[in-house]
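Chemist: Return atomic coordinates for the entry below.
(chains A, B, C and D)
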There are 2 protein chains.
Amino acid sequence: MISLKQIHYALAVEKYLHFKNAADHCSVSQSALSTAINELEKQLGVAIFERDNKKVLVTELGKSILQQARKIKLDVDELQMLATMHKQPLSMPMSIGVIPTIAPYLLPKVLPGVRRAYPESQLKIVEDKSNVLVDMVRRGELDTAILALPFPHEGLIAFEFWQEDFYWITHKDDALAKRSQIRSDEMDVSHLLLLKDGHCLKEHALAACHLPESQNDSNFSATSLTTLVQMVAGKLGSTLVPEMALDALVNNSSELSAVHLDEPGPHRTLAFLIRPNYVGTANIESLIKQIQTQLKH
Amino acid sequence: MISLKQIHYALAVEKYLHFKNAADHCSVSQSALSTAINELEKQLGVAIFERDNKKVLVTELGKSILQQARKIKLDVDELQMLATMHKQPLSMPMSIGVIPTIAPYLLPKVLPGVRRAYPESQLKIVEDKSNVLVDMVRRGELDTAILALPFPHEGLIAFEFWQEDFYWITHKDDALAKRSQIRSDEMDVSHLLLLKDGHCLKEHALAACHLPESQNDSNFSATSLTTLVQMVAGKLGSTLVPEMALDALVNNSSELSAVHLDEPGPHRTLAFLIRPNYVGTANIESLIKQIQTQLKH
DNA sequence: TTGATTAATAAAATTAATTAATTAGAATTT
DNA sequence: AAATTCTAATTAATTAATTTTATTAATCAA
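Modeler: Model prediction:
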């Protein structure tokens, strides 16, 4: 049976094209490495390297074999990472994409707790729109992305971890501002201010209100919730924001009032997306536990 | 460093959930297997199996680890297969998809030779339309597919191995039947009989003639070249067939005449399609060599 | 209790791996 | 032409590991 050691040595020889240097790199004697390579070639019954007393080169078949060997080594590394991450969640560097309608409200609430619980953690945060993040996860440029569902994510796996409702934000002077609940058919939809196309929050807000996209006035649109509520404060209309944004955007304002949107079902669902074969699911689960603890105060 | 032996043993324990049976299956003593598993768990620092004197079960983490272990084992098997196939091409079972406008003309010319050169070979042939075959290759249901390019095949790799021209088939009584060459603008395109939509030969034939698809009379269409030439023999029109089909369809007919289509460039290109990580490229290369020898007579 | 199982363990035997020194072939230098 | 310097392969002694066989301890069933 071929061994991982043989594979390891063969990859070293490929890298250095020199038995002694490869042996040094592997911290073994040239003899040990030599016999391991010979044994590997004997077991496979083919030549991987062509060597004489002056030079070493890789056979055509050897290239394919070493390619496959590299794949095996990666898989073994992943297996070991699985175990490591189970022992020490978040001990590995991790890149996380977050959409702009979640990042500024979720991260300040959650990151300090994560820092405290996992001082070793090295999180790299990327903020971008849902479709960009999904593509980056697919391409392996991100380990995971936090976004709001529903959003198409074929080929990826979603770990849903939070559900929240929308609140209708209007000026305190508005006749309906004192209500505790409001239905979408009671609002003045013609002055509903929402984010630009491409931000999923717009679609989710409209979907929560059972409104078609076309009905929205696209003359007024912004790229951040902060801008939107400024516009509401300026009596240009009303808007809808998710619950987790209330603290930052509305609660300290003397101009604004938040009314719970009374429509059935949770209005948006937050989830981590990962590739099906991502080995860090233990990390995701740890993060979710942290986030849920923090969000529940 | 963890070893493939440990992985092998762990997978056996997962399968039997019983150390002794797993050991028997691996042809080692229970003790040897036990220590290997213990060592593996120690090296990883986590428990894969939960065991007492009466039962063995897999931990939650163990399931992930064994899943990864299976992947490693598959990769190792593939590496060994790479070597084996280099030593004895086509010694592995192989499934090949072929489109209907290639299969009946190419296979009889080629398979006997393959049988002779590689008596060990076990080829499974599937005949279907290009799009079906491409999907099957993508899903791994076929090792490879032989079809005519151009045809969309994103994500797959094409090994082009043959180029051929079209011949215009008409009744011997036709005024142009004696010509040795004909250009598409000299034909009566209104009675050009072609295959049904979905067969790539139709598109390739039209493309070779620089004709748009709409120009073709869709009232007359067939699902096989055999039917088409029967229609031509019945003086219902003319058709275009690739060179390799001439022998079977035209050459022994007293009714039909074949005229070389005089349009620039090769009219269709035959190719093997494989997944980028298919390990049997050596097989493909052997087959191509065989096919090219046979086709050149 | 007794007998049949189980996985783990201990000690002996076997097998494999490692090191250090050597060999042999080829290129380069003297 | 001879000596030197590379190279990978080989050899032999040592060390480490693995495996086997036999045994132990625990559990369950009769």
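Chemist: So A:Q290 sits against A:R116, correct?
Modeler: No. A:Q290 lies out of contact with A:R116 (Cβ atoms under 8 Å); the separation is 9.4 Å. For the C-beta atoms, the positions are set from N, CA and C on the backbone; glycine is no exception.
Chemist: Between the two, which has more neighbouring residues?
Modeler: Ranked by neighbour count (other Cβ atoms under 10 Å in any protein chain shown), A:Q290 and A:R116 place A:Q290 first, with 20 against 9.
Chemist: Please tell me how far that one sits from A:V279.
Modeler: 20 Å (Cβ to Cβ, to the nearest Å).
Chemist: so which strand or helix has A:Y9?
Modeler: Assigned by DSSP states H and E, A:Y9 belongs to helix A:4-16.
Chemist: does whichever helix or strand comes after that helix come close to chain B?
Modeler: Toward the C-terminal end, the helix or strand that comes next after helix A:4-16 (DSSP H and E) is helix A:19-26. No. Contact of helix A:19-26 with chain B (Cβ under 8 Å from any Cβ of the partner chain) is absent, the minimum separation being 10.7 Å.
Chemist: about what we covered before: contacts for the helix holding A:Y9, please.
Modeler: Residues outside helix A:4-16 that contact it (Cβ atoms under 8 Å, 6 or more residues apart in numbering or on different chains): A:19, A:22-23, A:25-26, A:28, A:33, A:36-37, A:39-40, A:48-49, A:56, A:58, A:62, A:65-66, A:69-70, A:72-73, A:76, B:1-4.
Chemist: Try it again at 7 Å.
Modeler: Outside helix A:4-16, the residues within contact range by Cβ atoms under 7 Å, 6 or more residues apart in numbering or on different chains are A:19, A:22, A:25-26, A:33, A:36-37, A:39-40, A:48-49, A:56, A:58, A:66, A:69-70, A:72-73, A:76, B:1-4.
Chemist: Tell me which residues touch the residue of the stretch 51-200 of chain A found nearest chain B, please.
Modeler: Per Cβ to the nearest Cβ, A:A83 is where the stretch 51-200 of chain A lies closest to chain B, at 3.8 Å. By Cβ under 7 Å, 6+ apart, the residues touching A:A83 are B:L44, B:G45, B:V46, B:I65.
Chemist: same check, this time on A:V137
Modeler: The contact partners of A:V137, by Cβ under 7 Å, 6+ apart, come to A:G97, A:T144, A:A145, A:L156, A:L273, A:I274, A:R275.
Chemist: just A:F49 next, same as before
Modeler: Contacts of A:F49 (Cβ under 7 Å, 6+ apart): A:V13, A:I37, A:V56, A:L57, A:V58, A:T59, A:G62.
Chemist: Which members of these are classed as buried?
Modeler: Applying 16 or more other Cβ atoms under 10 Å in any protein chain shown to the contacts of A:F49, the neighbour count classes A:V13, A:I37, A:V56, A:V58, A:T59, A:G62 as buried.
Chemist: I'd like to know how far the closest residue to A:N251 other than its chain neighbours sits from A:W168.
Modeler: Computed as Cβ to Cβ, 6 or more residues apart in numbering or on different chains, the closest residue to A:N251 that is not its neighbour in sequence is A:A258, at 7.7 Å. Between A:A258 and A:W168 the distance is 7 Å, computed by Cβ to Cβ.
Chemist: Redo the contacts of A:F49 as JSON lines? Include pLDDT.
Modeler: Below are these laid out as JSON lines (pLDDT from 0 to 100):
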{"residue": "A:V13", "pLDDT": "89"}
{"residue": "A:I37", "pLDDT": "90"}
{"residue": "A:V56", "pLDDT": "84"}
{"residue": "A:L57", "pLDDT": "85"}
{"residue": "A:V58", "pLDDT": "87"}
{"residue": "A:T59", "pLDDT": "86"}
{"residue": "A:G62", "pLDDT": "88"}
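Chemist: Can you pick out the most distant pair from those?
Modeler: Within these, A:I37 and A:L57 form the most distant pair, 13.5 Å apart (Cβ to Cβ).
Chemist: Show me what the helix or strand containing A:I96 pairs with in its sheet, parallel or antiparallel.
Modeler: Counting by DSSP H and E, the element that carries A:I96 is strand A:93-98. Sheet pairing for strand A:93-98, assigned by DSSP bridges, gives strand A:122-127 (parallel), strand A:144-149 (parallel).
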